[in-house]
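**Q** Generate a structure from the sequence data that follows.
(one chain, ligands or ions: 1)
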Amino acid sequence: MSFIEVKDIVKKYQVGEVEIIANDQVSFSIEEGEFVVILGPSGAGKSTVLNILGGMDSSDAGNIFIDNRDITKLNERELTTYRREDVGFVFQFYNLVPNLTAKENVELASQIVTNAMDAEEVLALCGLAHRKDNFIAQLSGGEQQRVTIARAVAKRPKVLLCDEPTGALDSKTGKMILKLLMDICKKTNTTVIVITHNSVIAEAADRVITIRDAKVENVRTNQQPKKVEDIEI
Ligand SMILES: Nc1ncnc2c1ncn2[C@@H]1O[C@H](COP(=O)(O)OP(=O)(O)OP(=O)(O)O)[C@@H](O)[C@H]1O
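**A** Just a heads-up that it's a prediction; the model follows:
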């Protein structure tokens, strides 16, 4: 069995009289330590499957195995522990606490798990050793995104889920953030899943999953992914 197995996930939303099928029998597998890109047009169902993978939403049918455990079978309490201990989230909007420093923001996350990385160590890993005592408001967008990544990585998650992590950044900064996510993936063997509209980013991924109209359209693996330095996002 693969490290992550998503099997026949179905998710429907009822909006008034209308039923929206956001995920229609979505299936794919991911190996540990892979850098995975989920591609697809707006409304295709990418965030829905990522949210279910992260234990933030539940599916109507199907199973998701992560490290041999079916997270669709967890009760609320187990799901809270799963979200806290096993999943790191990086969103387009940073959700940082503005009146705390970079280090304090990371510590907020590391304090709630056992065996967290040292906040200063993880900030250094994310290229922010010199900014650790700055308040969030004093940091640039790219630096704030680095804090978000440091905060997620500090928990030593089994999987790092990133929804449009470069969406709010200019291309140069976005590339640096992508490089950081890739470095973390390879240095710490953390499985990283990135949702993006930008198909160029897929050239650097180990595996590319394309979702369209709520279904998986295609899964391919790159035998020789390009270096982030060599793609133009
Ligand atoms: N909470 C919700 N209630 C109702 N409909 C929803 C809800 N969340 C998502 N949807 C619908 O489900 C479909 C898939 O949405 P989803 O956000 O997963 O797409 P996406 O591929 O991530 O799109 P984007 O790239 O624009 O974020 C869309 O039609 C969306 O409107």
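**Q** okay, CA-based contacts and neighbour counts for the rest of this
**A** Noted.
**Q** quick one, helices of this structure?
**A** With helices called from DSSP state H, the chain shows them at 46-53, 76-86, 102-110, 119-125, 141-153, 171-188.
**Q** how about those in a markdown table, adding mean neighbour count?
**A** As requested, those are exported to a markdown table (neighbours: other C-alpha atoms under 10 Å):
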| stretch | mean neighbour count |
| --- | --- |
| helix 46-53 | 22 |
| helix 76-86 | 15 |
| helix 102-110 | 23 |
| helix 119-125 | 20 |
| helix 141-153 | 25 |
| helix 171-188 | 18 |
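**Q** Any idea which of the ones you listed gets closest to the ligand?
**A** helix 46-53 (3.6 Å; C-alpha to the nearest ligand atom).
**Q** Convert the closest one to CSV, retaining C-alpha atoms only.
**A** C-alpha atoms of helix 46-53 as CSV (Å, rounded to 0.1, in the frame of the first residue of the first chain):
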residue,chain,number,x,y,z
LYS,A,46,-8.9,20.4,-5.7
SER,A,47,-9.5,22.2,-2.4
THR,A,48,-12.3,19.9,-1.5
VAL,A,49,-10.0,16.8,-1.7
LEU,A,50,-7.2,18.6,0.1
ASN,A,51,-9.5,19.6,2.9
ILE,A,52,-10.8,16.0,3.3
LEU,A,53,-7.2,14.8,3.3
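**Q** and the nearest residue to I71 once chain neighbours are set aside, what does it touch?
**A** Distances taken as C-alpha to C-alpha, 6 or more residues apart in numbering place I64 nearest to I71, at 5.8 Å, with adjacent residues excluded. Counting by C-alpha atoms under 8 Å, 6 or more residues apart in numbering, I64 touches I4, E5, V6, K7, I9, L53, D70, I71, T72.
**Q** The residue most central in space within the chain and the ligand, how far apart?
**A** Centroid-nearest residue in the chain: L161, 1.4 Å away (criterion: C-alpha atoms, centre = their mean). Going from L161 to the ligand by C-alpha to the nearest ligand atom, to the nearest Å gives 13 Å.
**Q** can you check A61 too?
**A** Counting by C-alpha to the nearest ligand atom, the gap from A61 to the ligand is 16 Å.
**Q** Could you pull up the contacting residues of the nearest residue in space to that residue that is not next to it in sequence?
**A** Using C-alpha to C-alpha, 6+ apart and skipping the chain neighbours, the partner closest in space to A61 is V10 (5.0 Å). By C-alpha under 8 Å, 6+ apart, the residues touching V10 are I21, A22, N23, D24, Q25, V26, S59, D60, A61, G62.
**Q** Just the pLDDT for N115.
**A** Note on N115: pLDDT of 88.
**Q** backbone phi and psi for the closest residue to it other than its chain neighbours, please?
**A** Spatially, and ignoring its direct neighbours in sequence, N115 is nearest to K155 (7.5 Å; C-alpha to C-alpha, 6+ apart). The phi and psi values for K155, taken as degrees, to the nearest 10, are phi -80, psi 0.
**Q** Roughly how far does V153 sit from E31?
**A** Separation of V153 from E31 (C-alpha to C-alpha, to the nearest Å): 19 Å.
**Q** same question, L178
**A** Taken as C-alpha to C-alpha, the span from L178 to E31 is 20 Å.
**Q** Great, nothing more from me.
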